[in-house]
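A.B. asks: need a 3D model of the following:
(chains A and B)
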2 protein chains.
Amino acid sequence: MGSGVQISSRAIKMECIHCNKSSKDDDFIFETRYWKVSLAEDHSYLGRCYINLKRHSGDLAELKQEEWDDFIKLVKKLESALKKAFNATMFNWTCLMNNAYQTNPPNPHVHWHFRPRYNHNVKFSGEIFEDIEFGYHYNRDRKKITSNEINRKIINKIKENL
Amino acid sequence: MGSGVQISSRAIKMECIHCNKSSKDDDFIFETRYWKVSLAEDHSYLGRCYINLKRHSGDLAELKQEEWDDFIKLVKKLESALKKAFNATMFNWTCLMNNAYQTNPPNPHVHWHFRPRYNHNVKFSGEIFEDIEFGYHYNRDRKKITSNEINRKIINKIKENL
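C.D. replies: Next up is the predicted model:
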């Protein structure tokens, strides 16, 4: 019985896109002891990131104190880096996990969405990044997809400013 | 000069809707040492709350360790209460502060939006509360406004389960 539970737990993690995030992935930016930061696939908000808990846990209320403490430092580090890199004006932080409840059983994994917001356009690597909803809720339908080369440059620019 | 700065700081707080939240307000639910919890004005997501920092500070990165520690306990307490009160399935937490940037100068004040999400309808006090977007991002355009009497009952139900 014990090994059945073990296999089941392993299967859950194998299926979890957040558990499968690797520091070798193209979108990887940096990691701390308990969190892994990667660049989002669209840049509607320049420097938009995901922050994944390294452990498979599905509820903020279940975070351990040391995971919170590490996250608190990460908030300061990431906001500071985006201010220095692109002069971001302010930041939207969300912890939602809705998609994980589209399957039965649900398989949530704590992660944060980080959207830097800008009261100005940013020209970077030949592209212009606009936050046309600044001062208002983010718009999930507006996508800005850039080349792998530009994505790499965004990641490097953030890393240089960490 | 010093008194000028003082007056300015006081003026900022006087104009801040978050600083002006009071435990005597009809929407007040409970408070901790550093945070105040109030019921949102619409119940598209039953038990939707605002969590306001009691101090006027405009950036998550500026929170003090004791304010974070207090918030961490609040997350557990509030999620637990909503599970017991209405059998909430999971929770969306967001820290945005966009509206504060519609004025110049902006006047942000750290607060969280808390949306309990439900994989089932909840019948409470003669009303049916539906989360028709369950498993998907919340919808800010869908509003459910209820009477003051029902709002009071929602608040009491949460308080009973804290």
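A.B. asks: for the rest of this, base every contact and every neighbour count on C-alpha atoms.
C.D. replies: Will do.
A.B. asks: CA atoms of the lengthiest helix in chain A as PDB?
C.D. replies: The longest helix of chain A (DSSP state H) is helix A:65-86. C-alpha atoms of helix A:65-86 as PDB (Å, rounded to 0.1, in the frame of the first residue of the first chain):
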ATOM      1  CA  GLN A  65       7.800  29.700   7.000                       C
ATOM      2  CA  GLU A  66      11.200  29.400   5.300                       C
ATOM      3  CA  GLU A  67       9.500  29.300   1.900                       C
ATOM      4  CA  TRP A  68       7.700  32.500   2.700                       C
ATOM      5  CA  ASP A  69      10.900  34.100   4.100                       C
ATOM      6  CA  ASP A  70      12.700  33.200   0.900                       C
ATOM      7  CA  PHE A  71       9.800  34.600  -1.200                       C
ATOM      8  CA  ILE A  72       9.800  37.900   0.700                       C
ATOM      9  CA  LYS A  73      13.500  38.400  -0.300                       C
ATOM     10  CA  LEU A  74      12.700  37.400  -3.800                       C
ATOM     11  CA  VAL A  75      10.000  40.100  -4.100                       C
ATOM     12  CA  LYS A  76      12.500  42.800  -3.200                       C
ATOM     13  CA  LYS A  77      15.200  41.300  -5.500                       C
ATOM     14  CA  LEU A  78      12.900  40.900  -8.500                       C
ATOM     15  CA  GLU A  79      11.200  44.300  -8.200                       C
ATOM     16  CA  SER A  80      14.600  46.000  -7.800                       C
ATOM     17  CA  ALA A  81      16.000  44.200 -10.800                       C
ATOM     18  CA  LEU A  82      13.100  45.200 -13.000                       C
ATOM     19  CA  LYS A  83      13.300  48.800 -11.900                       C
ATOM     20  CA  LYS A  84      17.000  48.900 -12.800                       C
ATOM     21  CA  ALA A  85      16.700  46.900 -16.000                       C
ATOM     22  CA  PHE A  86      13.600  48.600 -17.600                       C
END
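A.B. asks: okay, the angle between that helix and helix B:65-86?
C.D. replies: 110 degrees (axes from the mean of the first three to the mean of the last three CA atoms, to 10 degrees).
A.B. asks: which residues touch the residue most central in space within chain A?
C.D. replies: By CA atoms, centre = their mean, chain A has its centre lying nearest to A:Y50, at 0.6 Å. Contact analysis of A:Y50 by CA atoms under 8 Å, 6 or more residues apart in numbering or on different chains lists A:37-40, A:111-114.
A.B. asks: excluding its backbone neighbours, what's nearest A:E130?
C.D. replies: A:N121 (4.8 Å; CA to CA, 6 or more residues apart in numbering or on different chains).
A.B. asks: these two touch, right, that neighbour and A:E127?
C.D. replies: No - look at A:N121 against A:E127 with CA atoms under 8 Å: they stay out of range, at 10.1 Å.
A.B. asks: ok, back up a step: for the record, mean pLDDT for the one helix or strand the residue nearest to the centre of chain A maps to?
C.D. replies: Element membership for A:Y50, per DSSP states H and E: strand A:49-53. For strand A:49-53, mean pLDDT is 97.
A.B. asks: before we move on, what about stretch A:30-42?
C.D. replies: The model assigns stretch A:30-42 a mean pLDDT of 97.
A.B. asks: try stretch A:144-154
C.D. replies: Per-residue scores along stretch A:144-154 average to 95.
A.B. asks: and if you look at stretch A:108-125?
C.D. replies: 98.
A.B. asks: what comes into contact with it?
C.D. replies: A:16, A:18-19, A:45-53, A:56-60, A:79, A:82, A:86-97, A:100-101, A:128-131, A:134, A:150, A:153.
A.B. asks: ok, back up a step: A:N121 and A:E127: which is more packed in?
C.D. replies: Counted by other CA atoms under 10 Å in any protein chain shown, A:N121 and A:E127 do not tie: A:N121 has more neighbours, with 14 against 10.
A.B. asks: quick one on the thing from earlier: the longest helix of chain A vs chain B: in contact?
C.D. replies: Yes - judged by CA under 8 Å from any CA of the partner chain, helix A:65-86 comes into contact with chain B at A:68, A:72, A:75-76, A:79.
A.B. asks: out of those residues, who's the most crowded?
C.D. replies: Result: A:E79 is most packed of the residues of helix A:65-86 next to chain B (other CA under 10 Å), 22 neighbours.
A.B. asks: ok so, going back, of the contacts of stretch A:108-125, grab the buried ones for ChimeraX.
C.D. replies: Typed into ChimeraX, the next command selects the buried ones out of the contacts of stretch A:108-125 (criterion: 16 or more other CA atoms under 10 Å in any protein chain shown):
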select /A:16,18,19,45,46,47,48,49,50,51,52,53,56,57,58,59,60,79,82,86,87,88,90,91,92,93,94,95,96,97,100,101,129,130,131,134
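A.B. asks: which parts of chain A sit against chain B?
C.D. replies: So chain A meets chain B at A:59-62, A:68, A:72, A:75-76, A:79, A:90-102, A:134-137 (CA under 8 Å from any CA).
A.B. asks: tell me the contacts of A:K36?
C.D. replies: A:23, A:28-30, A:51-54.
A.B. asks: which SS class is it?
C.D. replies: Assigned by DSSP: H, G, I helix; E, B strand; the rest coil, the conformation of A:K36 is strand.
A.B. asks: no further questions, thank you.
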